[in-house]
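1. sequence first, predicted model second:
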Amino acid sequence: MKINELKHDLAAAFRWTARLNMNEGIANHFSVCLPNSNDFYVNGSGLHFSKIKASDLVLVKQDDFKDLKNKPELVDPTALNIHGTIHKKVPHARCILHVHSKYATALSALKDPTLKPIDQNTMRFYNRISIYNEFGGLGFEKESNKMAVAIGNNSMLLLANHGILSVGQTVAEAFDKLYYFEKACETYLTALSTNKELNIVDSKTAEKTAQEWENYPVNMGEQYFNEIKKILDMEDTSYRN
């Protein structure tokens, strides 16, 4: 994929995340690596997701890491640490989307943050979520290294007392998982709020459903993201600027 297309995709993800009200103030960060490199684009400091453009993205080169740490007005320090560390240490994390969305964060605040398999969306993530359960403050260097270890081979990292982090080979892949994880958390927490007994599916069926998600014959994540860009292009192409 060309660099401009990467930047357009990341900018579109910011815009749509804001529409879904999954962002938080001017916090939270998305990043995507350049092809065949651990250098990455990330949102600059102080920008609201709803107005981020491709030209607002800051290129972070691994060689310039130390210099950027002294320039928080350009890139938030926690973004540098979390995204820089995970991009460097987790090969399948070519795109990283990190938010403190309502339902995922609520799940992260539970003593037992296990997402029980009660519907198709929750079953998608059955045994496929890593949990970082050692909250030690904001995501600076030490915390970021522990996050990178915790994610393992999974693509979802639930940060206890913090939020959610989704990774993928592409922006579309990471966004699709982030979106469906938030929907799954919404369903699960809504079901818990009824104080009625949950209808939890057996492990064999949950695993079968998760595999069916993974082997689905159509790449619905790419299709969904393409539809998002089509809507943005009809309404406001400024994200591409």
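-> Okay, I see it.
2. surely Gly44 touches Leu57?
-> Yes: with contact defined as Cβ atoms under 8 Å, Gly44 counts as touching Leu57 (7.2 Å). Glycine gets a C-beta too; all of them are placed from N, C-alpha and C.
3. how many other residues sit next to Ile164?
-> Using other Cβ atoms under 10 Å, Ile164 is surrounded by 25 other residues.
4. got phi/psi on it?
-> Backbone torsions of Ile164, given as degrees, to the nearest 10, read phi -130, psi 150.
5. for Val60, same thing?
-> Backbone geometry at Val60, expressed as degrees, to the nearest 10, gives phi -110, psi 110.
6. what's across from it in the sheet?
-> On the basis of DSSP bridges, Val60 is bridged to Phe40.
7. measure Pro35 to Met1 for me?
-> 7 Å (Cβ to Cβ, to the nearest Å).
8. what about the two, which has more around it?
-> When Pro35 and Met1 are compared for neighbours, Met1 comes out ahead with 12 against 9, by other Cβ under 10 Å.
9. all strands of the chain, in order?
-> 29-33, 40-43, 57-60, 95-99, 129-132, 156-159, 163-168 (DSSP state E).
10. buried residues of the lowest-mean-pLDDT helix or strand in the chain, list them for me.
-> Lowest by mean pLDDT, DSSP states H and E among the helices and strands of the chain is helix 65-69, with a mean of 77. Buried residues in helix 65-69, defined by neighbour count with 16 or more other Cβ atoms under 10 Å: Leu68.
11. then stretch 185-203?
-> 185-189, 191, 201.
12. again, but for stretch 43-56
-> Using 16+ other Cβ under 10 Å as the test for burial, stretch 43-56 gives 43-45, 47, 49, 52-54, 56.
13. turn the strands of the chain into a markdown table, columns for distance to Asp112 and mean pLDDT.
-> Compiled in a markdown table, those are given as follows (distance: least, Cβ to Cβ, whole Å; pLDDT from 0 to 100):
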| stretch | distance to Asp112 | mean pLDDT |
| --- | --- | --- |
| strand 29-33 | 28 | 98 |
| strand 40-43 | 33 | 97 |
| strand 57-60 | 36 | 96 |
| strand 95-99 | 22 | 98 |
| strand 129-132 | 10 | 96 |
| strand 156-159 | 12 | 98 |
| strand 163-168 | 16 | 97 |
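14. average pLDDT for the longest helix along the chain?
-> Secondary structure assigned by DSSP state H gives helix 171-193 as the longest helix of the chain. For helix 171-193, mean pLDDT is 98.
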